[in-house]
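[1] Pasting the sequence and the predicted coordinates here, then a few questions.
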Amino acid sequence: SSQLSSLPLQILFYVTGIYYIFYFLATLAMIIYKSQVFSYPDDFLAPDLAVLFLMAILEVPRLYLGCKGNLQEEEAALGLSLGLTVGSVLLAVYLLAWQTYVLWADVLLNALLLSAYGLESGLKVTAIAAFVS
């Protein structure tokens, strides 16, 4: 039988996992910076932090299910990872457009993350199609 798992997708999972660690730490540092430098309303600090930590919690099963689904050629696990990617995209869009203060660094970090999510999603759909057929 032939191997259907996607090497580019597996590489992208690895790169995205490493980038997300940098993204999380940089975004957390910027939220702390903004809370010290700007008049950050207390009512808005908690939701911004909650979104960042929820995103980190979603990232672990998203990457795990994606890697597992790709390597074991399981469309269900890869589909669940794709669903979690949609949730992560929504949270990234919140941090890009709706957090209290958005700096140019926020825009850059989120643009890179959303680009990786988009490429990853396309490769996931292609891999699922290959597994099903």
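    Good, I have the coordinates.

[2] Show me the shaky parts of this structure.
    Residue ranges of the chain with pLDDT under 70: 1.

[3] make it 90
    Scanning the chain for pLDDT under 90 picks out the ranges 1-3, 39-43, 100, 133.

[4] show me where it has helices.
    Here the chain has its helices, by DSSP state H, at 7-37, 42-71, 75-93, 104-132.

[5] Give me the angle between the second one and helix 75-93.
    Calculated by axes from the mean of the first three to the mean of the last three Cα atoms, to 10 degrees, helix 42-71 forms an angle of 150 degrees with helix 75-93.

[6] could the helices of the chain be laid out in a markdown table, adding mean neighbour count?
    Placement of C-beta: from N, CA and C, glycine included. Putting these into a markdown table (neighbours: other Cβ atoms under 10 Å) gives the following:
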| stretch | mean neighbour count |
| --- | --- |
| helix 7-37 | 15 |
| helix 42-71 | 17 |
| helix 75-93 | 17 |
| helix 104-132 | 16 |
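
[7] Pick out the residue nearest the middle of the chain.
    The chain has residue 88 as the residue nearest its centroid, 4.9 Å off, counting by Cα atoms, centre = their mean.

[8] In contact with the closest residue to it other than its chain neighbours, which residues?
    Leaving aside its sequence neighbours, residue 88 sits nearest to residue 58 (Cβ to Cβ, 6 or more residues apart in numbering; 5.4 Å). For residue 58, the contacting residues are 84, 87-88, 91, by Cβ atoms under 8 Å, 6 or more residues apart in numbering.

[9] give me that answer again for 7 Å
    For residue 58, the contacting residues are 84, 87-88, by Cβ atoms under 7 Å, 6 or more residues apart in numbering.

[10] which one of those residues sits closest to residue 24?
    Lowest distance from residue 24 to these (Cβ to Cβ) belongs to residue 88, with 11.8 Å.

[11] That closest one contacts residue 57, doesn't it?
    No - using Cβ atoms under 7 Å, residue 88 is not in contact with residue 57, being 10.2 Å away.

[12] what's the first-to-last distance across stretch 66-85?
    This stretch, stretch 66-85, spans 10 Å end to end (Cα to Cα, to the nearest Å).
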